Each structure stands twice: as C-alpha cells, then as structure tokens.
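A.B. asks: Build me a structure from this.
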Amino acid sequence: MERLDLKSSVVVVSSLTKRWLLLGALPFVVGTLFYISSVIPVLPETWRSFIFVLVFLVSVTLTLLMILLSPVRLPPGVARWRVILSPTVFVAGSFLFYSLLGSVLARFVSVTVIMLALLVFVMRLDSSDALDPLRGANRTVRLGRLMNLLGVFFATVFLFGIGRFISLPVVVSAIIFGGLLSIVQYEALQQSGADRALIVRATVALTALGIETYIGLSFLPTPFLVNATVLMIICFAIGRSAVRILSGDVGTRGLKFGLTAAAVLVVLVLATARWL
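C.D. replies: Okay, the predicted model is just below:
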C-alpha cells in the first residue's frame with residue numbers, strides 16, 4: 001500500500017493557512033493606509049504630493065498582490081487580469097474619493113465599507129470553484145463588476161472635484177474618465193454573450209457618449225458629487241440597455257422602463273442638489 005505522507009500534507013495546509021491569514025489582513029492594511037493619508041494636509045507642503053502619490057501607489061499595489069498571492073487558481077490569460085482589476089480599480093477610486101472627505105465620521109464610514117468590501121471579495125474568492133469573467137455566473141465575478149462600478153464612481157467624483165488640488169483641463173479629465181468607463185462598459189457588455197468585435201465597438205461608442213456627457217455636466221454649477229451621480233446613472237442605464245439589445249432582448253417595454261427610471265432618478269438627484 002502507498003504510505004500517506006502526513007508531514008507533507010501538514011506543511012501544505014499550514015502554508016495555505018498562512019497565505020489566507022495574510023490575505024485576510026491585507027484589507028485592514030489598506031484601510032490603515034487610507035487613515036494615514038488623512039494626516040497628509042498637516043505635512044509640509046513640499047512633501048504632500050509625494051506622500052499622497054506614495055500612499056496611493058502602495059494601497060493599489062497591496063490590492064493587486066492580494067489577488068495575485070491568492071491560493072485560488074485564477075483563469076489564464078486576459079481573464080485573469082480582469083479578476084485582478086476589479087478590487088484594484090475599487091481601491092484606486094476609493095482612495096481618490098477619500099481624499100475629498102473632510103468629515104471624520106464620513107472617513108470612518110468610508111474606510112469601514114472599503115475594508116469590508118475587500119474582505120468579502122477575498123472570502124468569496126476563497127469559496128470559488130471556478131472564475132469565468134466571460135460568463136459572469138460566479139458570485140466573485142459579479143461582486144467584482146459591482147466594485148468596478150463603484151470604483152469608477154468614486155474616481156469620477158474626484159475628477160469633478162480635482163480643481164481643489166490641481167488645475168486640469170476638462171478634456172484631459174474627461175479622457176481619464178473615458179478610460180475608466182470603458183472598463184465598466186466592457187465588463188457589462190460581456191454579459192450579452194455577443195461577438196467580441198461587436199462588444200469592442202459597442203464599448204467604444206458608449207465610452208464616447210460618456211465622455212461627451214462628462215464634458216456637458218462639468219459646466220453645470222452643481223456640486224461634483226451630484227454631477228458624478230447623474231453621470232453614472234446615465235452611463236449605467238444606457239449600458240444596461242446596450243446589454244439587452246446585444247443579447248437579443250429587443251423588447252421595447254423593458255428598455256422604456258429602464259430609461260424612464262433612470263430619467264426619474266436624474267431629475268430627483270438634480271432636484272435635491274442643493275442639499276448634497
């Protein structure tokens with residue numbers, strides 16, 4: 001009979017346990033870095049930009065490593081990087097949004113939500129049997145797409161409010177937003193099951209429309225949080241409509257309901273802009 005190597009099995013289990021403990025700790029390390037960034041405004045002015053960029057890069061790098069070091073078998077090729085991209089975009093956008101917050105309570109709530117979201121992603125990654133961004137049926141993939149959307153929203157709020165930090169032409173910030181939006185729209189359009197070439201063309205069209213809308217909203221006197229909210233509602237509604245069309249669901253009833261609901265939300269947000 002073949003002898004069971006218990007010692008080797010224990011070593012493997014111990015190694016995996018240590019890796020998962022490390023992964024479970026990383027979301028809280030990222031949250032700690034967010035808190036550290038809160039003291040940047042009290043530093044000498046010559047150091048602020050350098051420390052801000054450094055903490056931002058370290059936070060994003062740790063998030064990237066959090067997925068790369070995972071014992072879970074990630075899909076090969078581009079699909080692998082699409083799984084890694086979700087929490088990375090989320091942390092990058094959240095960090096930029098966090099830098100705009102002035103309230104201690106708002107900062108505490110935002111950091112808590114960010115850490116919990118990353119921890120849930122890691123836990124779902126641990127329980128995933130397979131990851132297939134192309135089909136999108138996995139819980140981890142669906143959560144990743146939501147994190148992508150939130151990350152782009154947070155980054156959009158920062159782009160609208162970037163004038164508080166540096167003077168950046170609207171066209172440049174719109175192009176940056178377009179690059180982020182293309183990630184979300186491409187991920188969403190994958191759910192349609194359409195041909196890749198068609199998905200790419202649709203992504204380009206939706207991204208161009210988003211850039212135009214961004215430029216239009218940037219001239220409104222409304223707060224940047226309102227502008228970002230309106231922009232994401234419009235882009236999400238049009239993106240969902242494109243998914244329905246590409247998937248062959250061309251019934252007008254569902255499309256009309258979705259677009260009408262989005263229009264109502266936009267009106268409500270703009271009507272309450274003075275309190276935001």
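
A.B. asks: hey, where'd the helices end up in the stretch 101-250 of the chain?
C.D. replies: For the stretch 101-250 of the chain, applying DSSP state H, counting those that start in this stretch gives helices covering 104-126, 139-160, 170-189, 196-217, 224-246.

A.B. asks: JSON lines please, covering those and showing mean neighbour count, distance to residue 44 and mean pLDDT.
C.D. replies: Yep, even glycine has a C-beta here, placed from its N, CA and C like the rest. As requested, those are exported to JSON lines (neighbours: other C-beta atoms under 10 Å; distance: least, C-beta to C-beta, whole Å; pLDDT from 0 to 100):
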{"stretch": "helix 104-126", "mean neighbour count": "16", "distance to residue 44": "22", "mean pLDDT": "84"}
{"stretch": "helix 139-160", "mean neighbour count": "22", "distance to residue 44": "23", "mean pLDDT": "83"}
{"stretch": "helix 170-189", "mean neighbour count": "20", "distance to residue 44": "28", "mean pLDDT": "86"}
{"stretch": "helix 196-217", "mean neighbour count": "17", "distance to residue 44": "35", "mean pLDDT": "87"}
{"stretch": "helix 224-246", "mean neighbour count": "20", "distance to residue 44": "28", "mean pLDDT": "82"}
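
A.B. asks: wait, which of those is closest to residue 92?
C.D. replies: helix 139-160 (6.4 Å; C-beta to C-beta).

A.B. asks: now the closest residue to residue 218 other than its chain neighbours: how far from residue 160?
C.D. replies: What sits nearest to residue 218 in space, not counting adjacent residues and going by C-beta to C-beta, 6 or more residues apart in numbering, is residue 170, at 5.0 Å. The gap separating residue 170 from residue 160 is 10 Å, by C-beta to C-beta, to the nearest Å.

A.B. asks: Mutual contacts of these two, please.
C.D. replies: residue 218 (C-beta atoms under 8 Å, 6 or more residues apart in numbering).

A.B. asks: distance of the residue nearest to residue 218 from residue 43?
C.D. replies: Residue 170 is 30 Å from residue 43, by C-beta to C-beta.

A.B. asks: What of residue 80?
C.D. replies: Between residue 80 and residue 43 the computed distance is 38 Å (C-beta to C-beta).

A.B. asks: same thing with residue 91?
C.D. replies: Residue 91 is 22 Å from residue 43, by C-beta to C-beta.

A.B. asks: Those two: who's more crowded?
C.D. replies: residue 91 (28 against 12; other C-beta atoms under 10 Å).

A.B. asks: could you check the angle helix 224-246 makes with the strand or helix carrying the more buried one?
C.D. replies: According to DSSP states H and E, residue 91 maps onto helix 78-98. Angle, helix 78-98 to helix 224-246, by axes from the mean of the first three to the mean of the last three C-alpha atoms, to 10 degrees: 160 degrees.
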